[in-house]
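1. Return a 3D structure for these sequence lines:
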Amino acid sequence: MIGSLSRSWVSMLVKLPRSPTVDGILTKYLEYRVKKDNKISDSCAEVTKGLRCYFDKALPAMLLYKKEQKQYKEEIKGDVSPSTVYGAEHLLRLFVKLPELLSSVNMEEDALNKLQQKLLDILKFLQKNQAHFFLSAYDGDSKGADGAKGK
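-> So this is what the prediction gives:
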């Protein structure tokens with residue numbers, strides 16, 4: 001039973017483009033910070049810009065499952081940024097990888113702590129808005145990388 005459940009889950013893809021996109025989520029986060037603080041700090045804008053950039057570079061390199069590679073190649077053509085197509089599900093994968101990525105960055109401890117606090121704030125924002133940002137189910141009718149339909 002568990003084997004068939006995990007196989008069917010693995011054969012599902014997130015339907016693209018997502019709404020909201022990573023770009024839209026980060027914009028909503030900045031709007032949320034403006035409402036809360038009555039202004040947007042340079043560091044907050046810088047962190048969201050950096051996250052967007054990291055996401056666009058990391059998605060094809062380390063955030064996609066093998067069967068999602070074909071979907072990526074079909075969706076991302078020309079100068080389309082992944083952050084304008086993918087959503088919260090894939091952004092969360094970046095947050096899982098961030099500790100590993102940040103460990104290789106040469107950064108002062110104080111600056112790293114401040115960055116971690118801002119990233120934690122974004123994660124809390126994602127959690128608070130999870131019903132709006134995340135799918136409740138993946139698309140089981142999508143064709144997998146092998147061309148077979150998921151069940």
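2. mind listing what's buried in the helix of greatest length in the chain?
-> If you go by DSSP state H, the chain has its longest helix at helix 109-128. For helix 109-128, the neighbour count (16 or more other Cβ atoms under 10 Å) marks 115, 118-119, 121-122, 125-126 as buried. For the C-beta atoms, the positions are set from N, CA and C on the backbone; glycine is no exception.
3. ok, now stretch 24-31?
-> Within stretch 24-31, the residues that count as buried by 16+ other Cβ under 10 Å are 24-26, 29-30.
4. who touches that stretch?
-> Stretch 24-31 is contacted from outside by 20, 40, 44-45, 48, 51-52, 83, 87-88, 91, 122, 125-126, 129, 133, using Cβ atoms under 8 Å, 6 or more residues apart in numbering.
5. Tell me the spacing between the residue nearest the centre of the chain and M62.
-> Nearest to the geometric centre of the chain sits L91, at 1.1 Å (Cα atoms, centre = their mean). To M62, L91 is 13 Å away according to Cβ to Cβ, to the nearest Å.
6. And for the closest residue to Q116 other than its chain neighbours, the neighbour number?
-> In this structure, Q116 finds its nearest non-sequential neighbour in L102, 7.9 Å apart by Cβ to Cβ, 6 or more residues apart in numbering. Neighbourhood size, L102 [other Cβ atoms under 10 Å]: 14.
7. residues touching L102, list them.
-> When contacts are taken as Cβ under 8 Å, 6+ apart, L102 is in contact with 112, 115-116.
8. neighbours around the closest residue to L59 other than its chain neighbours, how many?
-> Sequence neighbours aside, P82 is the residue nearest to L59 in space, at 4.4 Å (criterion: Cβ to Cβ, 6+ apart). A count of nearby residues for P82, using other Cβ under 10 Å, gives 23.
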